[in-house]
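Peer 1: Sequence plus the predicted model coming up.
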Amino acid sequence: MSIPGARIELVQTRGLRFEVAIAGGSGTGDKLALLLHGFPECAYSWRHQVPVLAQLGYRVWVPNLRGYGKSDRPLSVSDYALDKLEQDVADLIEASGARSVTLIAHDWGAAIAWSYAMYNPGKLERLVIMNVPHPVLMQKGLRTLKQLRKSWYMGFFQIRGLPEKLMSLGDFAAIGRAFRDSAVHKERFTDADLEVFKKNAAEPGALSAMINYYRALPSSLALGKKRGAPKIETKTLLIWGEQDIALGKELTYGTDQLVSDLTVRYIADASHWVQQDRPDAVNAMLNAFLSDQAVPEASVL
């Protein structure tokens, strides 16, 4: 897992040990950019953003989330419920020693980041979310036939054993297809890139752990209903690739009612894998947002 300008360290937190790509500033008191990946990705999915954030003066931490890569891999499905994942974020921030944090997240990482920002906003300076709607809007969407059809895989992943068996066939070919088949700019996903993701999923026990995020989703949703949805006060940028085959753009509508200081930018020719599909546009948006400049709209390549 080679990310330009980053070194790989094993970071022990109060809870688990994480494999973390680290770049940028040194010390413990500087500002931290903590990047959270999604499924079936790993820290490598942020390879295009790490150099940009380091150049902006951030100390950049990109962990493989619990269950991924060489990070610790708890065995129980309940270990992948959302409150445990939020605690991982808190533990990583504590281990970093940072006084202020910018949380940048995609897919499952974004689901964790939304929740963390609602219930643990203390050190958060900025929040950047990519291609996952606010939990309130996601739950609303899952009550529609249109989104249920797109989210069929969530039900499939509840089956024990079968998803792992099918996704591991042909040297984990399904992992590679998940990216390239749905990408707009397929040239952005080289064979070498896909090998990183496949190798990550091939780690012993990793694929089951990755899917356990979905298997724990019913309890995570129940917990969310119990806790409610406090309005997010952290300054937030929502970036959305419009060619997402799993999550409709309409799921972003109404986010401004749930986030006090929100900027939304759509990228017409980007897929769900937005930061890999259009890294140029995403990086320009990140640079502007984190520099207190007007966030540009994305042109179509």
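Peer 2: The structure has been received and is ready for your questions. Everything numeric in this text was worked out from a predicted model, so none of it was measured.

Peer 1: Tell me how many other residues crowd D191.
Peer 2: D191 has 8 neighbours, counted by other CB atoms under 10 Å. Using the backbone N, CA and C atoms, a C-beta is placed for each residue, glycine as well.

Peer 1: which other residues reach the longest helix along the chain?
Peer 2: When the chain is parsed with DSSP state H, its longest helix is helix 162-180. Contact with helix 162-180 is made by 40, 156-157, 186, 189, 193-194, 197-198, 201-202, 207-208, 211, 273, 276, as judged by CB atoms under 8 Å, 6 or more residues apart in numbering.

Peer 1: Could you do stretch 111-128 as well?
Peer 2: Contacts of stretch 111-128 (CB under 8 Å, 6+ apart): 31, 36, 65, 82, 85-86, 88-90, 93, 98-105, 129, 132, 134-135, 138, 224, 227, 229-230, 232-239, 286, 289-290.

Peer 1: R17 and P63 touch, don't they?
Peer 2: No: R17 lies out of contact with P63 (CB atoms under 8 Å); the separation is 10.2 Å.

Peer 1: Looking at these two, which has the bigger crowd around it?
Peer 2: Higher neighbour count among R17 and P63: P63, with 28 against 13, using other CB under 10 Å.

Peer 1: isn't that one right up against V11?
Peer 2: Yes: with contacts counted by CB under 8 Å, P63 reaches V11, the gap being 7.3 Å.

Peer 1: Common neighbours of R17 and P63, please.
Peer 2: V11, S71.

Peer 1: where's L237, which helix or strand?
Peer 2: strand 235-241 (DSSP states H and E).

Peer 1: Just the local confidence number for the residue with the largest distance to the centre of the chain, please.
Peer 2: Relative to the centre of the chain, and counting by CA atoms, centre = their mean, the farthest-placed residue is G170 at 26.4 Å. On the pLDDT scale, G170 is placed at 94.

Peer 1: do you know how far P135 is from V11?
Peer 2: 27 Å (CB to CB, to the nearest Å).

Peer 1: So which of these two has more stuff around it?
Peer 2: Under the criterion of other CB under 10 Å, the comparison of P135 against V11 puts P135 first, with 20 against 17.

Peer 1: ok, now which ones touch that one?
Peer 2: P135 neighbours (CB under 8 Å, 6+ apart): A111, W114, S115, M118, G224, A229.

Peer 1: Quick one: those as TSV, columns for neighbour count too.
Peer 2: Below are these laid out as TSV (neighbours: other CB atoms under 10 Å):
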residue	neighbour count
A111	26
W114	30
S115	22
M118	23
G224	21
A229	17
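
Peer 1: Of all the residues you listed, the one with the weakest confidence?
Peer 2: Within these, lowest confidence goes to G224 (78).

Peer 1: does that one really touch L142, like I thought?
Peer 2: No: counting by CB under 8 Å, G224 stays clear of L142, with 11.9 Å between them.
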